[in-house]
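Peer 1: Generate a structure from the sequence data that follows.
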Amino acid sequence: MKKSVEKWGHDALAKDLASHLETPERMIWTDMQLGPSGSARPDVYSMRKSYSKPMPVTYEIKVSVSDFRSDITSGKWQKYLDFSTAVVFAVPKGLVSKDDIPKGCGLMTRGENGWVTLRKPTRQTVTLPEKVMLKLLIDGVERARRPKPQEWNQYITDKKIKAKYGDDVANALKDISRVRREEQNIKSVIDQNIIIAQARAERITEDAKLFREKQQAVLGDVCRALGMETVTSSVWQIEARAAQLMKMANESHVIRQACIGIDNAIKTLIRCKSSLPEIDKEDAA
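Peer 2: Numbering: from 1, shown residues only. From the prediction side, this is the model:
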């Protein structure tokens, strides 16, 4: 593990990540307990504005190696999987590496130029419990009414710049800030689309695997029904065996018909033999 390049406080890093993740397509909650007393409290919790695929994600903020190791050792992060499709560790750049992150979890780092995703998480299917949804609704609505400190601070800063340097400079700086925010939003949307595409690819791969397993099971049933010693996916071998059985069935039918004919002939001969004495008597008369 490398020493952190830049010092961050836990809450400051959480707010910075929330600002980075926030887009018109996503909802963000910070430091919110998801349920009654004793329930898990994600540092940052994100959800897409989608009825069918909200894809909630928990982000665990870590600003010290000892705190990170403690979380990994205790398995604390695993309880977030009850209401998250994935868990992502968010740390200052250089604090930990991809190899330190538990399997299936993601890693984001905050450097001088912003947030970077070093490893994307593996998505899982999750159904949000009712208590979690109610908590998000009740506390989320209340928090939405409060003014955001970041927006208020930006307003004060813009006002001071305008008073000191005039409208032109203030407007130019506002335009630069707006472009940077839009750039961050675009990057976030791209990252999310990549994650969604990867999740879809994983589902397609899993579906293909299940299809192959079912196909193999059906082939096994067919091969056993045809009396084949080994299971094969070769169509021509299966067709050849089926044709062989059909030929044998036809030959068996011919043999059965011949046997029936022979049996009838024998019965006819027996009847003829039994009638011979009567014919002799008639000739004598």
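
Peer 1: domain parsing for this protein?
Peer 2: As recorded under automatic domain parsing, the domains making up the chain are 1-146, 234-285.

Peer 1: Nearest approach to Gly227 belongs to which of those domains?
Peer 2: domain 234-285 (7.4 Å; C-beta to C-beta). The way it works is simple: take the backbone N, C-alpha and C, and place the C-beta from them, glycine included.

Peer 1: quick one: average confidence on the helix or strand harbouring Arg256?
Peer 2: Assigned by DSSP states H and E, Arg256 belongs to helix 235-284. The pLDDT scores in helix 235-284 average 67.

Peer 1: ok, residues contacting stretch 221-235?
Peer 2: Gln215, Gln216, Leu219, Gly220, Gln237, Ile238, Arg241, Ala242, Leu245 (C-beta atoms under 8 Å, 6 or more residues apart in numbering).

Peer 1: Packed most tightly, which of the domains of the chain would that be?
Peer 2: domain 1-146 (a mean of 16; mean count of other C-beta atoms under 10 Å).

Peer 1: from the middle of its chain, how far away would that one be?
Peer 2: 18 Å (C-alpha atoms, centre = their mean, to the nearest Å).

Peer 1: got the contacts of stretch 221-235 as JSON lines, with distance to Trp8 columns?
Peer 2: Shown next, in JSON lines, are those (distance: C-beta to C-beta, whole Å):
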{"residue": "Gln215", "distance to Trp8": "52"}
{"residue": "Gln216", "distance to Trp8": "52"}
{"residue": "Leu219", "distance to Trp8": "57"}
{"residue": "Gly220", "distance to Trp8": "58"}
{"residue": "Gln237", "distance to Trp8": "65"}
{"residue": "Ile238", "distance to Trp8": "64"}
{"residue": "Arg241", "distance to Trp8": "69"}
{"residue": "Ala242", "distance to Trp8": "70"}
{"residue": "Leu245", "distance to Trp8": "74"}
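
Peer 1: List the pairing partners of the helix or strand hosting Thr58 within its sheet, with orientation.
Peer 2: Assigned by DSSP H and E, Thr58 belongs to strand 57-61. If you go by DSSP bridges, strand 57-61 pairs up with strand 44-48 (antiparallel), strand 86-92 (parallel).

Peer 1: I'd like the next helix or strand past that strand.
Peer 2: Using DSSP H and E, the helix or strand that follows strand 57-61 in sequence is helix 65-74.

Peer 1: Packing partners of that next one?
Peer 2: Using 3 or more C-beta pairs under 8 Å, 6 or more residues apart in numbering; DSSP states H and E, no helix or strand is in contact with helix 65-74.
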